[in-house]
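Trainee: please work out how this folds:
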Amino acid sequence: VQIGAVAAPETGRSDAHAAAPPFAAGIWDPERRALLQRDPQKSEREAYIDFKSMYLKKRNIDRGTVVHFYLSQLIRGTEEEKSRGRIETVSRFGTLLPPAEVLHLLDQVDSQLSGQYSDLFSDRWRVFTEQTVFSPDGKELRIDRLLVDEKNRQVVIVDFKTGEQYDELQMHVYEEAVAALPVVQQGRYTVRGEFVEVKLELE
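Mentor: A predicted model of the protein is given here:
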């Protein structure tokens, strides 16, 4: 894979219902190997959680993993997406945490994101979740949510936080990696990062 560029996702959890706009066309151009991807091997590994090690971690980390997975299922935040996301999340994590606790976490997520952060699901964005991007020096990076506004030439990198410390340096690395992508440079997109805190009530 060319450094600074990545291949198209295997299933592509992006907003693929509308006709592909220029930004997406640039991403999926096979001759340029595309610029965003869901790493198939890494995704496959992540599909099987090491429950033993997870049980040894603090439960707030467990909760953060659950929340990140659920958020990766949401593109527009519709009721249909939420319903499907809840089923998939409980199925994935129902043996790690009690299903009732998982659903309680998701209730908190939905409540917060439907208000202050509703713009994250606006149809002005082309949305990519849990995307792998390679930096110019070859470092593999995973971005929680990448939002692309083609009309206004804006790219927003969203990093969800569920209690972790804000890592400004890491965000800067994300911004540099995305800004280095050819489709971003050629389109003269502006790139900025945004931390989104999801506050969870601990039982």
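Trainee: what ranges of this protein fall below the confidence cut-off?
Mentor: Applying pLDDT under 70 to the chain picks out residues 1-61, 202-203.
Trainee: how about the strands in it?
Mentor: Assigned by DSSP state E, the chain shows strands spanning 126-134, 140-149, 154-161, 190-197.
Trainee: next, count neighbours for Gln186.
Mentor: 10 (other Cβ atoms under 10 Å). Heads up, the C-betas are built off the backbone N, CA and C, glycines and all.
Trainee: which of the strands of the chain is buried the deepest?
Mentor: Of the strands of the chain, the one with the most neighbours on average (mean count of other Cβ atoms under 10 Å) is strand 126-134, at a mean of 22.
Trainee: out of the strands of the chain, nearest to Leu113?
Mentor: Set against Leu113 and scored by Cβ to Cβ, the strands of the chain come closest in strand 190-197, at 8.1 Å.
Trainee: distance to Arg84 for the strands of the chain - can I get that in JSON lines?
Mentor: As requested, these are exported to JSON lines (distance: least, Cβ to Cβ, whole Å):
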{"stretch": "strand 126-134", "distance to Arg84": "14"}
{"stretch": "strand 140-149", "distance to Arg84": "17"}
{"stretch": "strand 154-161", "distance to Arg84": "19"}
{"stretch": "strand 190-197", "distance to Arg84": "22"}
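Trainee: and Leu97, which of the ones you listed is closest to it?
Mentor: strand 154-161 (18.0 Å).
Trainee: wait, what's in contact with Ile157?
Mentor: By Cβ atoms under 8 Å, 6 or more residues apart in numbering, the residues touching Ile157 are Ile143, Arg145, Leu146, Leu147, Met171, Tyr174, Glu175, Val178, Val191, Arg192, Gly193, Glu194.
Trainee: quick check, nearest of those to Val109?
Mentor: Using Cβ to Cβ, the shortest approach to Val109 within the contacts of Ile157 belongs to Arg145, at 13.1 Å.
Trainee: look up how far Tyr117 lies from the closest residue to that closest one other than its chain neighbours.
Mentor: Distance criterion Cβ to Cβ, 6 or more residues apart in numbering; nearest residue to Arg145, sequence neighbours excluded, is Val158 at 3.8 Å. In this structure, Val158 and Tyr117 are 9 Å apart, going by Cβ to Cβ, to the nearest Å.
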